[in-house]
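>>> coords please:
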Amino acid sequence: MGAKAEALAKQFETKAQEATAVLEKLSDADWKKVTEAEKWSVGVTAHHVAQSHEGIANIIKAVVGGQSMGNFSMDMLHEMNAKHAKDFANVGKAETIALHKKGAAAAAGCVRGLSDDLLGKSGTVLTGMPPMTAEQIVTTILINHINDHFGSIKKTVGA
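Presented below is the predicted three-dimensional model:
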């Protein structure tokens with residue numbers, strides 16, 4: 001583990017803790033409100049983030065391990081997200097918070113375990129997009145995923 005990885009892991013953990021605090025304060029009415037950005041309920045949006053932590057960690061592991069992400073496109077990502085929104089339309093708050101905490105701990109552990117050399121390894125994450133380093137995946141995907149979606153949730157519920 002390097003100092004840079006530790007700092008990134010702490011930054012992610014701080015965002016995850018802030019998200020947990022937002023989730024815990026949501027009322028049942030808030031949970032059902034529809035976000036302007038995603039056009040999903042707050043609950044589905046929160047579950048989407050919670051479910052994504054470990055998936056993004058797996059992308060990081062693949063990139064640092066020199067594995068290809070295959071032929072994964074933005075269209076495929078949008079299809080997966082739409083399916084998730086349908087499948088979890090009635091997801092509960094308690095299970096979402098538990099998944100968020102579990103996934104955030106796993107993702108932080110993944111980041112914390114990276115050396116500076118591993119943070120510099122790069123690979124293609126999405127077909128047609130330039131390669132990203134593991135560090136870029138942590139900052140622009142893992143951390144910004146929480147920022148973007150929880151910004152939308154907070155705007156929707158007036159937090």
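
>>> Quick check: the gap between the residue in the chain sticking out farthest from the centre and Val157.
Ranking residues of the chain by C-alpha distance from their mean position (Cα atoms, centre = their mean) puts Ala29 at the top, at 24.0 Å. In this structure, Ala29 and Val157 are separated by 9 Å, where distance is defined by Cβ to Cβ, to the nearest Å. Placement of C-beta: from N, CA and C, glycine included.

>>> hang on, Glu95 in a helix?
Yes. According to DSSP: H, G, I helix; E, B strand; the rest coil, Glu95 belongs to a helix.

>>> So which elements touch the strand or helix carrying Ala108?
Element membership for Ala108 (DSSP states H and E) is helix 93-112. Applying 3 or more Cβ pairs under 8 Å, 6 or more residues apart in numbering; DSSP states H and E, one finds that helix 93-112 contacts helix 3-25, helix 42-64.

>>> most tightly surrounded among the ones you listed?
Each of the helices and strands packed on helix 93-112 was assessed for mean neighbour count using mean count of other Cβ atoms under 10 Å. The highest is helix 42-64, with a mean of 22.

>>> what's the average pLDDT for that helix?
Averaged over helix 42-64, pLDDT sits at 96.

>>> From the contact counts, what lies against that helix?
Helices and strands touching helix 42-64, as assessed by 3+ Cβ pairs under 8 Å, 6+ apart, comprise helix 3-25, helix 28-32, helix 74-87, helix 93-112, strand 122-123, helix 134-136, helix 144-157.

>>> tell me the angle of the longest one relative to helix 42-64?
Counting by axes from the mean of the first three to the mean of the last three Cα atoms, to 10 degrees, helix 3-25 lies at 170 degrees to helix 42-64.

>>> counting contacts, what elements does helix 3-25 pack onto?
Other helices and strands packing on helix 3-25, by 3+ Cβ pairs under 8 Å, 6+ apart, are helix 42-64, helix 93-112, helix 116-119, helix 144-157.

>>> do you know which of those helices lies nearest Thr133?
Nearest to Thr133 among these is helix 116-119 (6.6 Å), distances taken as Cβ to Cβ.

>>> list the buried ones in stretch 137-144?
Along stretch 137-144, the positions that meet the burial threshold by neighbour count (16 or more other Cβ atoms under 10 Å) are 137-138, 141-143.
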